[in-house]
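# Give me a 3D structure for the following:
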Amino acid sequence: MNAPSEILLVTGMSGAGKSTVLKTLEDLGWEVVDNLPLSLLDRLLHTDASPGRSGLTRPLAIGIGAMTRDFDAAAIASQIDRLREAGRQEIDTLFLDCGSEELARRYDETRRRHPLALDRPAREGIAQERELLEPLRRWAPHLIDTSHYSSAELAQQIRRTFAQPGLSEPAVSIMSFGFSRGLPTDADLVFDMRFLRNPHWVPHLRPGTGKDAAVAAYIADDPAYEAAVSRIEDLLMLLLPRYRAEGKSYITIAVGCTGGRHRSVHVAERIAARLRNAAFSPTVTHRDLAAAPQERLEGRPDGQ
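So this is what the prediction gives:
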């Protein structure tokens, strides 16, 4: 059996952040199952794990709460202990706690009904749930009290604790485009290459693109080229790990020039090569590469 590399049981008080934790783990590349009936737990753990985007076996997070079918805190602890003793999987448990007053405030603020007190005050449901979960709380090896956490702060804590190398890398896209045909709507970072000299105004280079060696050499010979592009690359080396740490799943870097055929294409290809050398795996698209050259879009070079 291709077992999950890690199994995490996520449980705790309703309103303490279980949904936030499971969503964050999913963003980190974990396989997530919520409110699984306990009678199906053994069957799930004997099912082959699915690979992540990197080809690694994905860890598994299982959400269980007081509303889970067949819920019994003592039975859950016993079942997990039995699986651990059998040595089949590495199973861990995270319990999310929160102060009763803070939970009541959250229910009042959101106007949601507590699942154990649909026709009674939320505080009564909170007290009943705390009693039901107490054996599991005492037994769980990991506990996070979310009383003073915002959703964003809880997500950050989960990312720091449960991110696994190679599993949750952001998908990086690099796109070249022409400003004359509009800005990309989904770009996170936009770099303007119109300060570089334009191969469009060199007759024998005009039919080519930024992928052609002669065009690339002409662009790279601009006195501002190396200093500017290398600084952009250094900036990306700083920013991309920070985006990854913040849990951003998709990062689109847009590189533009006037028509989107020469300068932006060449620089996009160079940036992609630098990122690949730094162990990123960017995909590259050239939005306007196939567009026909149009002088009215390019403008006129200085002095003409």
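# Shouldn't Y218 be within a helix?
Yes. Under DSSP: H, G, I helix; E, B strand; the rest coil, Y218 falls within a helix.
# got the contact list for it?
By Cβ atoms under 8 Å, 6 or more residues apart in numbering, the contact set of Y218 is 197, 199, 202, 205. C-betas here are computed from N, CA, C, even on glycine.
# for V284, helix, strand, or coil?
Going by three-state DSSP: V284 is strand.
# any idea how far it lies from R244?
19 Å (Cβ to Cβ, to the nearest Å).
# Export the contacts of Y218 as CSV, with columns for neighbour count, secondary structure and pLDDT.
Listed next are the contacts of Y218 as CSV, based on neighbours: other Cβ atoms under 10 Å; DSSP: H, G, I helix; E, B strand; the rest coil; pLDDT from 0 to 100:
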residue, neighbour count, secondary structure, pLDDT
R197, 18, coil, 96
P199, 25, helix, 95
V202, 15, coil, 94
L205, 18, coil, 95
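# For this protein, which segments count as strands?
For the chain, the strands defined by DSSP state E occupy 7-12, 31-34, 60-63, 91-97, 142-145, 171-178, 189-192, 250-257, 283-286.
# Need those strands in a markdown table (columns: mean pLDDT).
What follows is the strands of the chain, written out as a markdown table (pLDDT from 0 to 100):
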| stretch | mean pLDDT |
| --- | --- |
| strand 7-12 | 91 |
| strand 31-34 | 90 |
| strand 60-63 | 91 |
| strand 91-97 | 92 |
| strand 142-145 | 94 |
| strand 171-178 | 93 |
| strand 189-192 | 98 |
| strand 250-257 | 95 |
| strand 283-286 | 92 |
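# Columns distance to L238 on top of these, output as a markdown table?
Converted to a markdown table, the strands of the chain look like this (distance: least, Cβ to Cβ, whole Å):
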| stretch | distance to L238 |
| --- | --- |
| strand 7-12 | 32 |
| strand 31-34 | 31 |
| strand 60-63 | 31 |
| strand 91-97 | 32 |
| strand 142-145 | 30 |
| strand 171-178 | 14 |
| strand 189-192 | 12 |
| strand 250-257 | 13 |
| strand 283-286 | 21 |
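# Name the spans of the protein whose pLDDT lies under the cut-off.
Scanning the chain with the threshold set as pLDDT under 70 gives 1-5, 42, 45-56, 86-89, 165-168, 292-304.
# Domains in it, by residue range?
By the record's domain assignment, the chain is partitioned as 7-162, 171-298 (automatic domain parsing).
# Pull up the distance across the first one, start to finish.
End-to-end distance for domain 7-162: 11 Å, by Cα to Cα, to the nearest Å.
# wait, what's in contact with R276?
Applying Cβ under 8 Å, 6+ apart, the residues contacting R276 are P282.
# buried set for stretch 62-72?
Neighbour counts over stretch 62-72 (16 or more other Cβ atoms under 10 Å) mark 62-66, 68, 71 as buried.
# neighbours of L240, just the number please.
When counting by other Cβ atoms under 10 Å, one arrives at 21 neighbours for L240.
# mind listing what it touches?
L240 is in contact with 170, 172, 251, 275, 280, counting by Cβ under 8 Å, 6+ apart.
# Could the C-alpha coordinates of stretch 149-156 be exported in PDB?
Extracted C-alpha coordinates of stretch 149-156, given in PDB (Å, rounded to 0.1, in the frame of the first residue of the first chain):
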ATOM      1  CA  TYR A 149      -6.000  34.200  16.900                       C
ATOM      2  CA  SER A 150      -7.500  35.800  13.800                       C
ATOM      3  CA  SER A 151      -8.200  33.400  10.900                       C
ATOM      4  CA  ALA A 152      -5.100  34.800   9.100                       C
ATOM      5  CA  GLU A 153      -2.900  34.300  12.200                       C
ATOM      6  CA  LEU A 154      -4.200  30.700  12.600                       C
ATOM      7  CA  ALA A 155      -3.500  30.000   9.000                       C
ATOM      8  CA  GLN A 156       0.100  31.300   9.400                       C
END
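# who's in contact with it?
The contact list for stretch 149-156 (Cβ under 8 Å, 6+ apart) reads 17, 20-21, 23-24, 144, 146, 157, 246-247.
# For PyMOL, write the selection for the buried entries among those.
Restricted to buried positions by 16+ other Cβ under 10 Å, the PyMOL selection for the contacts of stretch 149-156 reads:
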select buried, resi 17+20+21+23+24+144+146+157+247
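# Between the contacts of stretch 149-156, which sits nearest E131?
The closest of these to E131 turns out to be T146 (Cβ to Cβ; 19.4 Å).
# what about the helices in the chain?
Along the chain, counting by DSSP state H, helices occupy 18-27, 41-45, 73-86, 100-110, 122-139, 151-162, 213-220, 225-245, 263-277, 295-298.
# Sounds good, over and out.
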